[in-house]
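K.L.:
how does the following fold in three dimensions:
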Amino acid sequence: MAKLGKRTRAAREAFQGRTDVTVEEAVALVKANATAKFDETVEIAVNLGVDPRHADQMVRGVVNLPNGTGKTMRVAVFARGDKADEAKEAGADIVGAEDLMEIVQGGKIEFDRCIATPDMMPVVGRLGKILGPRNLMPNPRVGTVTMDVKAAIDAAKGGEVQFKVEKAGVVHAGVGKASFDEGQLAENVRAFVTAVQKAKPAGAKGAYMKKIALSSTMGPGVSVDIAAAVGE
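P.N.:
Sure, this is the predicted structure:
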């Protein structure tokens, strides 16, 4: 077994016995133990009582975090003509059509969000096996298949977070940086949990939210009291 470093041991000791704490307590713990030499991302993981193999139990959505993510989002836009020009003027990092498709097919994916105009979906659809598993596939339900590319780019760069349940029934996302103050992080956490709660699918049976955990990039996780997080 690998030997734990001093920082990791100290963090685990600090978290020991702390379970089902409030959002504020979890944020304070995670911040206090995010001592890496870089600004760690604060991450949330929500275990859901769904089986995403069934269409009526799929969970996906989008949320605008009130305090942003602290991350610089790189945005790719599939568009032609005037819409391609609009995307460039709005600050898109990569804009293209078949040429961009070929770049992605070649394994070069240098973006965090992918937006497409509706007419480009036959081209983008050929990238489903590449973009889908990375949660990068444009989708009208979360506003990334749209003619209003400027609004979509502004949202992506302004703190919008997309989420999609994984095979194991887990939704996770970054909700800020360790350098954020505790109030900002707590507000972002509650906004994310509320969005996941609102995205509850019709086919979900029994307990919907089973566990909520908060952690930093290099730190252990602490479980958050579900009722407190959803405001019940």
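K.L.:
what helix or strand is the closest residue to Ile44 other than its chain neighbours located in?
P.N.:
Excluding the flanking residues, the one nearest Ile44 by CB to CB, 6 or more residues apart in numbering is Val175, at 5.2 Å. In this view, the C-beta of every residue, glycine as well, is placed from N, C-alpha and C. Using DSSP states H and E, Val175 sits in strand 170-177.
K.L.:
what pLDDT, on average, does that strand get?
P.N.:
Averaged over strand 170-177, pLDDT sits at 96.
K.L.:
ok, and the closest non-adjacent residue to Phe111?
P.N.:
Nearest non-adjacent residue to Phe111 (CB to CB, 6+ apart): Ala76, at 3.8 Å.
K.L.:
that neighbour: neighbouring residues, count only.
P.N.:
Using other CB atoms under 10 Å, Ala76 has 25 other residues around it.
K.L.:
same question, Lys150
P.N.:
17.
K.L.:
low-confidence ranges, this structure, go.
P.N.:
1-18, 232 (pLDDT under 70).
K.L.:
OK, contacts around the most centrally placed residue in it?
P.N.:
Of all residues in the chain, the one closest to the mean position by CA atoms, centre = their mean is Ala173, 3.4 Å from it. Taking CB atoms under 8 Å, 6 or more residues apart in numbering, we find Ala173 in contact with 43-44, 161, 163, 192.
K.L.:
go again with 6 Å.
P.N.:
Ala173 makes contacts with 44, 161, 163, as judged by CB atoms under 6 Å, 6 or more residues apart in numbering.
K.L.:
using TSV, lay out those together with neighbour count, secondary structure and distance to Thr146.
P.N.:
Below are the contacts of Ala173 laid out as TSV (neighbours: other CB atoms under 10 Å; DSSP: H, G, I helix; E, B strand; the rest coil; distance: CB to CB, whole Å):
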residue	neighbour count	secondary structure	distance to Thr146
Ile44	28	strand	27
Val161	24	strand	17
Phe163	21	strand	19
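K.L.:
Throw those residues into JSON lines and include distance to Lys31, thanks.
P.N.:
Below are the contacts of Ala173 laid out as JSON lines (distance: CB to CB, whole Å):
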{"residue": "Ile44", "distance to Lys31": "14"}
{"residue": "Val161", "distance to Lys31": "19"}
{"residue": "Phe163", "distance to Lys31": "22"}
